[in-house]
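Enquirer: One predicted model, sequence on top.
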Amino acid sequence: MLLAPAFAEQPAVPRMADGHPDLSGVWQGGSLSFAIGVENAKKAGQSAEEATGKPSSEPGQDSGPPYQPWAAAKRKEYLDRRGIDDPIGRCLLPGVPRITAMPMPIQISDAPGQLIILYEAFHGFRVIPTDGRKHPDDVDPSFLGDSVAHWDGDTLVVDVTGFNAKTWLGGVGTIHSEDLHVIERYTRSRYDMINYDVTMEDPKVFTKPWVRHSALYLRPGERLREYECGENNEDILRYEKLLKNEPLFDGKP
Amino acid sequence: MRTHSLTLLLGILVSTPAFAHHSFGAEYDENKPVTVTGVVTKLDWENPHIHFYLDVKDDSGNIVHWKFEGFPPNMLIRQGWRRDVTMKPGDTVTVFGWRSRDGSNFAHSREITWSDGKKMTSGPPASTGAN
């Protein structure tokens, strides 16, 4: 694998004063080549396999969500409707872990006792206590849920509950209930990559936990920009037209 | 191999990312690739998607209006676009993409080639909305 000159020899993973790996920086999850283009991804030192950003599964595990029959049927309805019901088509926050895979960078910042994650996508943010505390008892269901974290060796384990049921977990129709429980594991395994391992538990929709592995790629020189989805979202109007069989473009610019 | 062909192939053969263009399958038809040449009349550099319009001459020499959708500005910027520089009204371009499912002169763009040979990616590979 040809590495970009800056990373021809990987620097050591930086550590914070308390000895834990420093996760701070601007990172790109999901498919790097989708987010910044295939050529840019190659220049960033991605091997062809890494550049696909394909989330992998544990050996022997089905890569699809392990839905109960009723939930699989519900998902099929959404697939048959070709994704027209996607909440992010209405500019809603994508939920966790889906927001991590959006093709826009995220910024992780350390603060005393907290991790702050800023998401360019849909101007999401998460403030995550890292001192091992429990979830508060006054959580209102939300799109990104409530997060608390603790360190397990060099891995930051983030426990997320308190979700509403208005998001999809990944692809079309990947529904969940308010009982969704997500465990994210962030491991900065090398200078320019954080392993992002996610377990999703939801006894209302799944037959067993759904586990996915992917990565966050360091984006040197990148900065978050503004993404104001509501600026001119034509999708909503077009969905209405599609459902009424009206043309999507009347020929007048 | 042309970049767009390779990327389209990757999009089909490799499991698409967790973010698949949410509206692609609903609005566009991956079985209707189009290549359209015309003159840019307008570019809306907006979120969540840019839109641009071409005046296209049909076989009789009449002008037909086409509309195209593309990536959001931030994604374009990261792939080398600059607002008011890369695409301007008056540019003659050839756009490759996939047509609206209803057959109107509306398509999601994938790659654009300017008359001077410049090529830029402008949108995602096709997806069915079935992933």
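Expert: It's in.
Enquirer: So is the host helix or strand of B:F68 next to chain A?
Expert: Assigned by DSSP states H and E, B:F68 falls within strand B:63-69. Yes: using Cβ under 8 Å from any Cβ of the partner chain, strand B:63-69 comes into contact with chain A via B:V64, B:H65, B:K67, B:E69. No exception for glycine: its C-beta is placed from N, CA and C like everyone else's.
Enquirer: what are the bridge partners for the first one, then?
Expert: Think B:V64. Note on B:V64: beta-bridge partners by DSSP bridges are B:V56.
Enquirer: any idea how far B:I50 is from it?
Expert: Distance from B:V64 to B:I50, counting by Cβ to Cβ, to the nearest Å: 21 Å.
Enquirer: my guess is B:S109 contacts B:W66, does it?
Expert: No: the pair B:S109 and B:W66 does not pass the contact test of Cβ atoms under 8 Å, sitting 10.0 Å apart.
Enquirer: Need the overlap of contacts for those two.
Expert: B:V95 (Cβ atoms under 8 Å, 6 or more residues apart in numbering or on different chains).
Enquirer: can you tell me how far A:E201 sits from chain B?
Expert: 18 Å (Cβ to the nearest Cβ, to the nearest Å).
Enquirer: So B:M120 versus chain A, what's the distance?
Expert: Taken as Cβ to the nearest Cβ, the span from B:M120 to chain A is 10 Å.
Enquirer: Name the nearest residue to A:W168, ignoring sequence neighbours.
Expert: Spatially, and ignoring its direct neighbours in sequence, A:W168 is nearest to A:T174 (4.6 Å; Cβ to Cβ, 6 or more residues apart in numbering or on different chains).
Enquirer: Contacts only, for the one you found.
Expert: A:P65, A:R75, A:W168.
Enquirer: Any chance of these in JSON lines with pLDDT and secondary structure as columns?
Expert: Shown next, in JSON lines, are those (pLDDT from 0 to 100; DSSP: H, G, I helix; E, B strand; the rest coil):
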{"residue": "A:P65", "pLDDT": "95", "secondary structure": "coil"}
{"residue": "A:R75", "pLDDT": "96", "secondary structure": "helix"}
{"residue": "A:W168", "pLDDT": "96", "secondary structure": "coil"}
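Enquirer: Using the three-state scheme, assign residue 76.
Expert: The chain I'm using is chain A. helix (DSSP: H, G, I helix; E, B strand; the rest coil).
Enquirer: Chain B, not that one
Expert: helix.
Enquirer: Contact residues of the stretch 101-250 of chain A facing chain B?
Expert: Going by Cβ under 8 Å from any Cβ, the residues of the stretch 101-250 of chain A near chain B are A:101-104, A:120, A:170-172, A:214, A:222, A:225-235, A:238-239, A:242, A:245, A:247-250.
Enquirer: Can you tell me which of the residues you listed end up in helices?
Expert: A:D235, A:R238, A:Y239, A:L242 (DSSP state H).
Enquirer: Might you list the low-confidence residue ranges for chain B?
Expert: B:1-23, B:128-131 (pLDDT under 70).
Enquirer: If we use 80, what do you get?
Expert: B:1-23, B:127-131 (pLDDT under 80).
Enquirer: phi, psi of A:A72?
Expert: Here is the backbone geometry of A:A72 (degrees, to the nearest 10): phi -60, psi -40.
Enquirer: How many residues are close by the residue lying closest to A:D140 once chain neighbours are set aside?
Expert: Excluding the flanking residues, the one nearest A:D140 by Cβ to Cβ, 6+ apart is A:G162, at 7.4 Å. By other Cβ atoms under 10 Å in any protein chain shown, the residues close to A:G162 number 18.
Enquirer: so where do the strands sit in chain A?
Expert: A:25-28, A:106-111, A:114-119, A:124-129, A:146-152, A:155-161, A:181-190, A:193-201, A:210-218 (DSSP state E).
Enquirer: what's the most buried one of the ones you listed?
Expert: Mean neighbour count (mean count of other Cβ atoms under 10 Å in any protein chain shown) peaks for strand A:25-28 among the strands of chain A, with a mean of 22.
Enquirer: got the contact list for stretch A:232-242?
Expert: Under Cβ under 8 Å, 6+ apart, the answer for stretch A:232-242 is A:84, A:89-91, A:247-248, B:22-23, B:26-27, B:44, B:46-49, B:51, B:69, B:101-102.
Enquirer: Run through the helices of chain B in chain order.
Expert: All helices of chain B, identified by DSSP H, fall at B:3-13, B:24-27, B:73-78.
Enquirer: neighbour-wise, which of the residues of strand B:63-69 next to chain A leads?
Expert: B:E69 (28 neighbours).
Enquirer: The residue nearest the centre of chain B and chain A, how far apart?
Expert: When chain B is reduced to its mean C-alpha position, the nearest residue by Cα atoms, centre = their mean turns out to be B:S109, at 0.9 Å. Distance, B:S109 to chain A, using Cβ to the nearest Cβ: 13 Å.
Enquirer: Output the longest strand belonging to chain B.
Expert: Per DSSP E, chain B has its longest strand at strand B:28-44.
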